[in-house]
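# Curious how this folds, go ahead:
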Amino acid sequence: MTSVSLGPGASLDDFKIIEPIGHGAFSEVYLAEAPGGERVVLKCPHEAILGDTASFDRFRRELEIARKLDHPGIQRSLDAGKTRSRPYLVMEYVEGETLRDVLHREKRLPTARAIDITEQLAAAMGYAHSQGVYHRDLKPENVLVTPAGRVVVTDFGIALMTGARRLTWRWLTSAVGTPDYMAPEQIQGKRGDARTDVYAMGVMLFEMLAGEVPWEGDNPLAVMSQHLSAPLPSLHALNPQVLPPLEAIVRKTLRKNPDERYQDGKELLHDLKHWQDLDLAEFVFAEEGQLRAGSERYLWLIVAGLSLGFLAVSGIAVYLYYLLTHAHH
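Predicted structure coming up:
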């Protein structure tokens with residue numbers, strides 16, 4: 001896909017590009033300087049995306065969500081509603097590093113720090129959930145940690161709002177996310193909700209405490225299959241410093257049945273703040289069975305459907321790119 005491809009010193013309307021700081025399948029991200037000298041982040045969709053109705057609707061939803069949310073734990077929108085030469089997001093610049101960078105360096109975090117980070121995440125997402133917004137792609141790459149220890153959630157690119165219509169083909173837009181952090185209902189093609197975010201926060205808390213994610217595999221299919229059916233490994237066995245009440249919280253966030261999880265970020269936050277006083281008798285659940293008959297085939301169908309969907313989108317993108325690059329010939 002084509003992109004804006006702006007280099008240091010280039011201008012985009014009133015903003016001066018300092019440097020590119022990220023890129024993905026659908027957008028480029030730049031650190032830039034606003035007219036008043038403030039540093040900001042510009043998120044610029046690829047040109048091919050702007051020509052695809054469904055993808056552009058996704059971008060407009062992200063813009064709407066960014067304007068809607070106002071919480072210190074969520075990257076703020078600085079959009080002033082001015083007319084621009086092309087669509088892009090103007091976001092708060094947060095100085096710091098991603099939680100992924102922290103984990104790469106430290107691997108396992110002290111219990112108190114892991115709890116603090118998760119409490120901040122739960123507070124931010126509890127607020128978002130109260131506004132009817134569900135992130136659906138929480139992972140260490142989308143969590144920033146400042147030098148002062150402030151935690152900020154970023155990238156609501158595939159977030160969902162209550163009452164919002166489905167934008168494109170079901171399997172492509174529902175079973176989105178990163179396999180290591182995807183809830184079972186996402187893998188099964190459902191849209192996801194607050195409990196989906198709770199699950200992802202549970203995976204991250206497990207990873208911070210254990211130094212590894214609960215389930216690993218040689219390929220995404222193997223990982224997704226374990227999220228659907230494999231029992232959760234013992235956190236205490238991986239880290240003997242994790243006490244039973246804290247492990248009980250992690251296990252509740254990672255229940256395969258969404259009804260048995262914390263129902264939103266606020267519920268999770270409450271127990272995290274009182275984890276040492278919890279009654280473990282309240283955390284007894286019925287044993288979850290294995291995948292129902294035929295569910296392995298069902299998972300293969302999901303993956304096959306996703307593959308076809310991505311191929312279709314790629315084909316559209318290539319076609320749009322062809323039209324754009326040959327428009328003046």
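# Quick one: mean pLDDT for the longest strand along the chain?
If you go by DSSP state E, the chain has its longest strand at strand 15-23. Averaged across strand 15-23, the pLDDT comes to 91.
# Could you look up the next helix or strand downstream of it?
strand 27-33 (DSSP states H and E).
# Run the chain-centre distance for that following strand.
With CA atoms, centre = their mean, to the nearest Å as the basis, strand 27-33 stands 19 Å off its chain's centre.
# who touches that strand?
3-6, 12, 15-23, 39-46, 49, 93, 157 (CB atoms under 8 Å, 6 or more residues apart in numbering). Where you see a C-beta, it was placed from the backbone N, CA and C, and this is true even at glycine.
# just the strands in the stretch 101-250 of the chain please.
For the stretch 101-250 of the chain, strands defined by DSSP state E, counting those that start in this stretch occupy the ranges 133-134, 143-145, 151-153, 160-161.
# and the first one, which strands flank it?
If I follow you right, that is strand 133-134. strand 160-161 (antiparallel) (DSSP bridges).
# from the middle of its chain, how far away would the partner strand be?
13 Å.
# Tell me where the stretch 151-300 of the chain has helices.
170-174, 184-187, 194-210, 220-229, 235-238, 244-253, 265-273, 295-325 (DSSP state H, counting those that start in this stretch).
# Return the distance of the fourth one from the chain's centre.
Okay, so that is helix 220-229. Per CA atoms, centre = their mean, the centroid offset for helix 220-229 relative to its chain is 18 Å.
# Who are the packing partners of that helix?
helix 184-187, helix 295-325 (3 or more CB pairs under 8 Å, 6 or more residues apart in numbering; DSSP states H and E).
# Please point out which parts of it sit buried.
221, 223, 224, 225, 226, 227, 228, 229 (16 or more other CB atoms under 10 Å).
# Next, the angle from that helix to helix 194-210.
Interaxial angle, helix 220-229 versus helix 194-210 (axes from the mean of the first three to the mean of the last three CA atoms, to 10 degrees): 110 degrees.
# Just the buried subset of the contacts of strand 27-33, please.
Counted by 16+ other CB under 10 Å, those give 3-4, 6, 12, 15-18, 20, 40-46, 49, 93, 157 as buried.
# In contact with residue 6, which residues?
Counting by CB under 8 Å, 6+ apart, residue 6 has contacts 12, 17, 20, 28, 30, 44.
# so it, which of the three states?
coil (DSSP: H, G, I helix; E, B strand; the rest coil).
# Could you tell me the per-residue confidence at residue 301?
56.
# same thing with residue 280?
For residue 280, the predicted pLDDT is 89.
# Relative to residue 73, how far out is the closest residue to residue 95 other than its chain neighbours?
Distances taken as CB to CB, 6 or more residues apart in numbering place residue 146 nearest to residue 95, at 6.1 Å, with adjacent residues excluded. Look at residue 146 and residue 73: by CB to CB, to the nearest Å, they are 11 Å apart.
# And for residue 202?
For residue 202 relative to residue 73 (CB to CB), the value is 18 Å.
# Those two - which one has more neighbours?
residue 202 (26 against 22; other CB atoms under 10 Å).
# what's the nearest residue to the more buried one if we skip its chain neighbours?
residue 253 (2.7 Å).
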